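> this one's sequence-less:
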């Protein structure tokens, strides 16, 4: 960076403005409070040049707050930030950008109707000339994509037409054109397929080799151990430790994060498996579901495994009535059934927790209270069904939320005021309230921390122990193995195999999913 950029930060040219020049980034004794509540207390983060540094902790540990301070979205209350050993002041996102800091959030901020080239060079399309040299713009875009190993992406393609993985590549390219040398990725693989994850890892490894410092936030421990060089752990807004990845195992890491052993991640379940509740035969829903058959019994947790995009979600949405089912037969509680729409399914005590929490799982801008009771209004209304009994409703909601250890200030607060893990618990609470006989959980722990995962697993277990038939779709193989009594593996819109509990292993799941 040119010296002028440092001068613009108003930095004193003094010896005490420097820290250890061996680090690209140092955040020292960072503290931040919101309305008297400490989000961060004296947190440290040291990242070397050309390393992938994992930042871990439960939801609410302070990871996002720390990164928002680094990005200029929040202002720290105290502490210092150093880049290349020099103290910097980051007041705005623009300051961060000029210092070579870029954050890629889980929700990408591309313009879907603009081309790849336009998105990558969105803030310097004309290069200061007053007109756009489209030929040069496309050539520069092509070079950026080639350098990252994605020369197959068309610079003229609209970003909205690309896969999520390719959109992430465009976001990374955009950051690199702004000379970003510190790159933060927040849950980058949450919605990627196995093949897309491999491509993203290739990109990150190339960037590391090129000297880019990467801060990687993920709840998937397998990724952390494959990618990262060092790991920093936060807990309850405090710095816990930084450790080289090769010097710690999953068991110790989980214990540092949540204070429990990895073996306790999947709590025991004591459920009596009963009669078949849901049986589906030869379900077809164009274009992704091509003749799926399965069954699930009362008290049983049946898993659906396979690569993203093979038709798992589409199968369940067709049964639930959310999408059109072209053909097939459904027996529900012993009766030939066809749900016209989700409302009809809920009326028959059939529930489905969507994988898309923010758009389909909860109403983010509505109250916690409304979200919990929306599928069970008959329990909180008078005999007419039109007047809500507020005291009854309040106790009903609070009792359910207490049973799944949900953290919230008031049931009148909007759901978007909660952490991701607690938002997911609100989505679960809705189906607890609905007294379902069968429920589908689609990626129930996506994007939540390990501690919240354990609580969600306990909820799933309680459903099964109460005689409810449970279907669980998950892309995490340890989760499938740890939670399910039986598993159907899908490939190309069909069931490629069925595994009993004692047959479950990652090798078996991968083999059936990828035709190995």
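Structure received. These numbers come from a predicted model, not from an experiment.

> relative to residue 41, how far out is residue 31?
From residue 31 across to residue 41, the span is 5 Å (CB to CB, to the nearest Å). Backbone N, C-alpha and C define where each C-beta goes, glycine included.

> repeat that for residue 105.
With CB to CB as the criterion, residue 105 and residue 41 are 24 Å apart.

> low-scoring stretches of the stretch 101-250 of the chain, by residue?
Counting by pLDDT under 70, the ranges of the stretch 101-250 of the chain that qualify are 106-107, 126-129, 190-191, 193.

> now the helices: where do they sit in it?
116-120, 134-147, 164-177, 194-209, 221-227, 250-258 (DSSP state H, counting those that start in this stretch).

> quick check, central residue of this protein?
Geometric centre of the chain, nearest residue: residue 447, 2.7 Å, by CA atoms, centre = their mean.

> and it, which helix or strand is it part of?
Residue 447 belongs to no helix or strand when assigned by DSSP states H and E.

> and for residue 294?
Element membership for residue 294 (DSSP H and E) is strand 289-297.

> partner strands of the helix or strand just after that strand, parallel or antiparallel?
Using DSSP H and E, the helix or strand that follows strand 289-297 in sequence is strand 301-305. Counting by DSSP bridges, the strands paired with strand 301-305 are strand 469-473 (parallel), strand 486-491 (parallel).

> doesn't residue 44 fall inside a helix?
No - checked against DSSP: H, G, I helix; E, B strand; the rest coil, residue 44 lies outside a helix; its state is strand.

> wait, it sits on residue 31?
No - counting by CB atoms under 8 Å, residue 31 is not a contact partner of residue 44; they are 11.1 Å apart.

> would you list every one of the helices in the stretch 401-516 of the chain?
420-433, 450-465, 477-483, 506-514.

> out of these, which is closest to residue 274?
Residue 274 sits nearest to helix 450-465 of all the helices of the stretch 401-516 of the chain, at 10.5 Å, using CB to CB.

> I'd like to know which elements the closest one is packed against.
Packing partners of helix 450-465 (3 or more CB pairs under 8 Å, 6 or more residues apart in numbering; DSSP states H and E): helix 250-258, strand 301-305, helix 420-433, strand 469-473, helix 477-483.

> now tabulate those in JSON lines and tack on distance to residue 95 and mean neighbour count.
Below are the helices and strands packed on helix 450-465 laid out as JSON lines (distance: least, CB to CB, whole Å; neighbours: other CB atoms under 10 Å):
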{"stretch": "helix 250-258", "distance to residue 95": "31", "mean neighbour count": "17"}
{"stretch": "strand 301-305", "distance to residue 95": "45", "mean neighbour count": "26"}
{"stretch": "helix 420-433", "distance to residue 95": "27", "mean neighbour count": "24"}
{"stretch": "strand 469-473", "distance to residue 95": "43", "mean neighbour count": "26"}
{"stretch": "helix 477-483", "distance to residue 95": "40", "mean neighbour count": "20"}
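
> including distance to residue 319, could those go into JSON lines?
Listed next are those as JSON lines, based on distance: least, CB to CB, whole Å:
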{"stretch": "helix 250-258", "distance to residue 319": "35"}
{"stretch": "strand 301-305", "distance to residue 319": "12"}
{"stretch": "helix 420-433", "distance to residue 319": "16"}
{"stretch": "strand 469-473", "distance to residue 319": "9"}
{"stretch": "helix 477-483", "distance to residue 319": "20"}
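
> nearest to residue 339, out of the ones you listed?
In terms of CB to CB, the element of the helices and strands packed on helix 450-465 nearest to residue 339 is strand 469-473, at 14.5 Å.

> what's in contact with that closest one?
Residues external to strand 469-473 that are found in contact with it (CB atoms under 8 Å, 6 or more residues apart in numbering): 277-278, 296-304, 312-313, 316, 355, 437-444, 460, 463-464, 479-480, 483-484.

> swap the cut-off to 7 Å and go again
277-278, 296-298, 300-304, 312-313, 316, 437-444, 460, 463-464, 483-484 (CB atoms under 7 Å, 6 or more residues apart in numbering).

> stretch 94-102 now?
Applying CB under 7 Å, 6+ apart, the external contacts of stretch 94-102 come out as 1, 5, 70-72, 83, 88, 90, 175, 178-183.
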